[in-house]
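1. Predicted structure and sequence below. I'll ask about it afterward.
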Amino acid sequence: HPAPAPELAALSDGLLRTVEGTIVDTGPIRGEIEQNLNDHDSAELFTTATAPQPAQRIDLRVSSLEVVNDAVDAQVPIEGGVRLTVRWPAVEPNPQAFHCGERVRAVVRLSSPEVYHDPGIWSREQFLIDSGITSSATVGIDRVERLGPSPGTFFACRVSSWQHASSNRLLALPAAMRRLPAPLRLSQDDAIMLAAMVTGDRTYLTHSLRVGFERTGSFHMLVVSGFHLAIVAGCIFWFARRLRLPRVPATFLTIFVSFAYALFTGFATPVQRSLWMVTLYLLGRL
């Protein structure tokens, strides 16, 4: 497993610090999503009093962090990943979302991910480390400053946008299937779990959806891992052979699609392991 950034981990002590970095991944604004999902299932709208507080998850590639001690009080270059949950006031009519590639400065209290020692429970700490995240924090929008776009993040941001667009299409399936017979329709919960399993986007997984998988030790089904990539590779190779493609083109087509799917889902460590083993196996067959 990758290790957390040691300098950043040492400074994740809950003290108020200024952090600067570039956004490398974002989630949707949660308040808007919950309202949209609610509107699909019923005609009731959130009132101002009951509307969820808008919040957005942003992942930063840190460039500098404030270091404060007896000898120094300055921004120091530090590398690592930070996950921020940015919150807007509940009465905010149109919160302006953050986008991948933006540079931001925020005043936050960084802390290490919480660790739960229940037997068999999913490890949020290990998941964040696998995603390159060492620390996390929650911050109000009044403590976040936008610094403009950052060069050199185009490809990573494009992949992230494709992932979120695909996830949104899957979440829209229940509304598109309303006219189908009941046994053939997907519920909103089905669509949320499908988006998590196919695209790796677990933004909308609620506690009630997660708890059954966590209790049975099968939460890995909702995390895109080597198992998922093996299924994709197996299906692609089978279809290629059914279309009577020669062995060499079928092999390299499968490797290319597997690599693209691994990038699409975030290129996590388990997916990388599976990709290298799939590649080794297919080349060995030749």
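-> Thanks, I have the structure now.

2. Could you list the low-pLDDT ranges of the stretch 151-286 of the chain?
-> 153 (pLDDT under 70).

3. Just the helices from it, written as ranges.
-> 154-171, 173-176, 188-199, 207-215, 226-242, 247-264, 269-285 (DSSP state H, counting those that start in this stretch).

4. For Gly14, find the nearest of those.
-> Nearest to Gly14 among these is helix 207-215; the distance by Cβ to Cβ comes to 24.9 Å. Bear in mind the C-beta positions are built from the backbone N, C-alpha and C, glycine included.

5. I'd like the C-alpha coordinates of the closest one written as CSV, please.
-> The C-alpha trace of helix 207-215 is given here as CSV (Å, rounded to 0.1, in the frame of the first residue of the first chain):
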residue,chain,number,x,y,z
HIS,A,207,-25.1,4.9,5.4
SER,A,208,-28.2,2.7,4.9
LEU,A,209,-26.9,1.5,1.5
ARG,A,210,-23.4,0.9,2.9
VAL,A,211,-24.1,-0.8,6.2
GLY,A,212,-25.3,-4.1,4.8
PHE,A,213,-22.2,-4.5,2.7
GLU,A,214,-20.0,-3.5,5.6
ARG,A,215,-21.6,-5.9,8.0
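
6. what helices or strands is that helix leaning on?
-> Contacts defined by 3 or more Cβ pairs under 8 Å, 6 or more residues apart in numbering; DSSP states H and E place helix 207-215 against helix 188-199.

7. could you check the angle helix 207-215 makes with the helix it packs on?
-> Here helix 188-199 runs at an angle of 60 degrees relative to helix 207-215 (axes from the mean of the first three to the mean of the last three Cα atoms, to 10 degrees).

8. With just CA atoms, put helix 188-199 into CSV.
-> Below are the C-alpha coordinates for helix 188-199, written out as CSV (Å, rounded to 0.1, in the frame of the first residue of the first chain):
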residue,chain,number,x,y,z
GLN,A,188,-32.7,5.1,-7.2
ASP,A,189,-30.8,2.9,-4.8
ASP,A,190,-30.1,0.4,-7.6
ALA,A,191,-28.7,3.2,-9.8
ILE,A,192,-26.5,4.6,-6.9
MET,A,193,-25.0,1.2,-6.3
LEU,A,194,-24.6,0.6,-10.1
ALA,A,195,-22.7,3.9,-10.4
ALA,A,196,-20.4,2.9,-7.6
MET,A,197,-19.6,-0.5,-9.0
VAL,A,198,-19.2,0.6,-12.6
THR,A,199,-17.5,4.1,-12.4
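
9. ok, residues contacting it?
-> Applying Cβ atoms under 8 Å, 6 or more residues apart in numbering, the external contacts of helix 188-199 come out as 37, 40-41, 163, 166-167, 170-174, 186, 201-202, 204-206, 209, 221-224, 228, 264-265.

10. which stretches of the stretch 1-150 of the chain aren't confidently modelled?
-> 1-3, 31-52, 120-122.
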